[in-house]
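Student: Give the three-dimensional model of this entry:
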Amino acid sequence: MSGESPQPERGTVLFEEEELGVDEELWTDDSDTDHAGWFCVATSPFPCPAEGCTFVAEHMTAAHLILVWEERDDPNLLRHAQRAKEAGRNPRVVTYEESFGPSASYYAWEAAGRPVHGIRRRASCT
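Tutor: Residues are numbered from 1 along each chain as shown. So this is what the prediction gives:
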């Protein structure tokens, strides 16, 4: 039996040569649009809910990017501001300035699948 492959035994694990790993990649709004003059929702500071993350937001964010809308009365902006109000975060619609931090269009965020944390994980071969 020297030429045969070893048979798995109860309680053992056999690994293939190629294992799946996890690559971490920051999600960004790749549109290269300058969002200065767009609108965002400023809030009382609140921590990222992801375990072990120390990020503290002062605006409505997604994937640690400030969500921005082109129109002050965009229904989605108003809906998110209302949700922040219900959570006790003291929301205020303000004009976005680059000094606030990196931003992403709300609609680009939706098109990207609505990532919710700064790191998007995807399986890849290592």
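
Student: Helices along this structure, start to end?
Tutor: 75-86, 106-111 (DSSP state H).

Student: Adding mean pLDDT, distance to residue 48 and mean neighbour count, write these out as TSV.
Tutor: The way it works is simple: take the backbone N, C-alpha and C, and place the C-beta from them, glycine included. Listed next are those as TSV, based on pLDDT from 0 to 100; distance: least, CB to CB, whole Å; neighbours: other CB atoms under 10 Å:
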stretch	mean pLDDT	distance to residue 48	mean neighbour count
helix 75-86	96	15	15
helix 106-111	91	16	17
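
Student: Which one of those helices lies nearest to residue 41?
Tutor: For the helices of the chain, the distance to residue 41 is smallest for helix 75-86, at 4.9 Å, taking CB to CB.

Student: measure stretch 77-97 end to end?
Tutor: 16 Å (CA to CA, to the nearest Å).

Student: For it, give me every contacting residue.
Tutor: 35-44, 46, 60, 66-69, 71-72, 103, 106 (CB atoms under 8 Å, 6 or more residues apart in numbering).

Student: switch the cut-off to 10 Å
Tutor: 35-46, 57-60, 62, 66-74, 100, 103, 106 (CB atoms under 10 Å, 6 or more residues apart in numbering).

Student: Put the buried members of the residues you listed into a ChimeraX selection.
Tutor: To isolate the buried ones among those in ChimeraX, judged by 16 or more other CB atoms under 10 Å, type:
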select :35,38,39,40,41,42,43,46,57,59,60,62,66,67,68,69,74,100,103,106
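
Student: pLDDT below threshold where in the protein?
Tutor: 1-32, 118-126 (pLDDT under 70).

Student: Distance check, residue 56 against residue 72.
Tutor: 25 Å (CB to CB, to the nearest Å).

Student: circling back to that earlier point, I'd like the helices of the chain as JSON lines, with distance to residue 96 appended.
Tutor: Below are the helices of the chain laid out as JSON lines (distance: least, CB to CB, whole Å):
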{"stretch": "helix 75-86", "distance to residue 96": "11"}
{"stretch": "helix 106-111", "distance to residue 96": "11"}
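
Student: All set, thanks.
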